[in-house]
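Enquirer: what follows is a predicted protein model with its sequence.
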Amino acid sequence: MNQDAMKKAVAEAAIALIKPDLDAKTIIGVGTGSTANFFIDALAKLKMDFDGAVASSEETARRLQHHGIPVYDLNNVADLEVYVDGADEANEHLELIKGGGAALTREKIVAAVARRFICIADQSKRVSQLGAFPVPVEVIPMARSHVARQIVKLGGDPEYREGVVTDNGNVILDIYNMNLANPIEIEREMNQIVGVVANGIFAQRPADILLLGSSEGVTTLRR
Ligand SMILES: O=C[C@H](O)[C@H](O)[C@H](O)COP(=O)(O)O
C-alpha cells in the first residue's frame, strides 16, 4: 500500500468514526494538508448529513466549498463537535508537530474549540520522540530576527521559510534540533517570546484519537 492509499484509508476511518454522531446541526472542524484533503473528499459524500464545516486554512475552505459544503466563520459557531486533521509527527501521548503546510495557528485555534480532535496520519508520522521534524513557528514579520535569537537561546536552530506568507499575513520559522523531551514545556516557552503567534507543538492540546495508517490497515490510538 502506498502512502496516499494509507492517507485515504485513515480519512475513511475518520469518516466511519464520526458518521454515527452526525445530525443536521453538526459542524465539523477540518484541517489542512494532503491527508486532510482525502478527508474532505470523503466528507463530501456525506454532505446531506451535517450542517457545515469550519476550515483551518483558506485552501481547505476552497476545497470544502468546491464540494458544496458550507464553510462557517468560527466566531459564529458555538459548538464544534469534532476536528479532523493530519500531522507531521505524532508520539504515543498523541502529542503532535504540525504546520508543515504553514496552517498551524488556525489549526491550533480550531483544535482548541473542538470537543474531540481526531488526528489522521500514515505510519511515517509516528515517532518515539517529537523533534526530528523541525517545529514550525508563525511569527509577526517585524519580529522575525528577535524571535530567531530567542529561539537560539532555547537551543533551537531557526530557519526562515523563504517565500511563505501564512493566511494571517505572517512568516514561518522552522526550528531544527530542538530538544522536545518535554514538549509541553517547550510549547509554553516558545509562546512566551514576543512576536510569536503560535508554534506547531500540539502538546497542551494533543489529539484525543490518532488513526494511523499502515500497509496492515488502520490502528486506533486513544488518549
Ligand atoms: O500546516 C499543515 C498541517 O499541520 C498539516 O496537517 C501537516 O503538515 C500534515 O500534512 P500532510 O497530511 O500533507 O502530511
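Expert: On my side now, so go ahead. Numbering: from 1, shown residues only.
Enquirer: kindly export the longest helix along the chain (C-alpha atoms) in CSV.
Expert: For the chain, the helix that runs over the most residues, judged by DSSP state H, is helix 3-18. What follows is helix 3-18, C-alpha atoms only, in CSV (Å, rounded to 0.1, in the frame of the first residue of the first chain):
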residue,chain,number,x,y,z
GLN,A,3,1.4,6.5,1.3
ASP,A,4,-1.6,8.0,-0.5
ALA,A,5,-3.6,4.8,0.0
MET,A,6,-2.7,4.9,3.7
LYS,A,7,-3.9,8.5,3.9
LYS,A,8,-7.1,7.7,2.2
ALA,A,9,-7.7,4.7,4.5
VAL,A,10,-7.3,6.9,7.6
ALA,A,11,-9.5,9.5,6.1
GLU,A,12,-12.2,6.9,5.5
ALA,A,13,-11.7,5.6,9.1
ALA,A,14,-12.3,9.1,10.5
ILE,A,15,-15.5,9.3,8.5
ALA,A,16,-16.6,5.9,9.9
LEU,A,17,-15.8,7.2,13.4
ILE,A,18,-17.8,10.5,13.2
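Enquirer: list the buried residues of that helix.
Expert: By 16 or more other C-beta atoms under 10 Å, the buried positions in helix 3-18 come out as 6-15, 17-18. To be clear about C-beta, it is placed using only N, CA and C from the backbone, and glycine gets the same treatment.
Enquirer: kindly report the same for stretch 43-63.
Expert: Buried residues in stretch 43-63, counted by 16+ other C-beta under 10 Å: 43, 50-57, 59-61, 63.
Enquirer: same check on stretch 205-221?
Expert: Those would be 206-213, 218, 221, for stretch 205-221 by 16+ other C-beta under 10 Å.
Enquirer: swap in stretch 167-181?
Expert: Using 16+ other C-beta under 10 Å as the burial criterion, the residues of stretch 167-181 that qualify are 167, 170-175, 178, 180.
Enquirer: the ligand contacts on the chain?
Expert: 31-36, 85-88, 98-104, 107 (C-beta under 6 Å from any ligand atom).
Enquirer: drop anything exposed from those residues.
Expert: Buried among the residues of the chain next to the ligand by 16+ other C-beta under 10 Å: 31-33, 35-36, 85-88, 98-104, 107.
Enquirer: which strand or helix spans the residue nearest to A9 when sequence neighbours are not counted?
Expert: Among residues not flanking A9 along the chain, G213 sits closest, at 4.7 Å (C-beta to C-beta, 6 or more residues apart in numbering). Assessed by DSSP states H and E, G213 sits inside strand 209-214.
Enquirer: export whichever helix or strand comes after that strand to PDB, keeping only CA atoms.
Expert: The C-terminal neighbour of strand 209-214 among helices and strands, as given by DSSP H and E, is strand 217-222. The C-alpha trace of strand 217-222 is given here as PDB (Å, rounded to 0.1, in the frame of the first residue of the first chain):
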ATOM      1  CA  GLY A 217      -4.500  -1.400   8.000                       C
ATOM      2  CA  VAL A 218      -5.600   1.400  10.300                       C
ATOM      3  CA  THR A 219      -4.600   1.400  14.000                       C
ATOM      4  CA  THR A 220      -6.600   3.500  16.500                       C
ATOM      5  CA  LEU A 221      -4.800   5.100  19.500                       C
ATOM      6  CA  ARG A 222      -6.700   6.900  22.200                       C
END
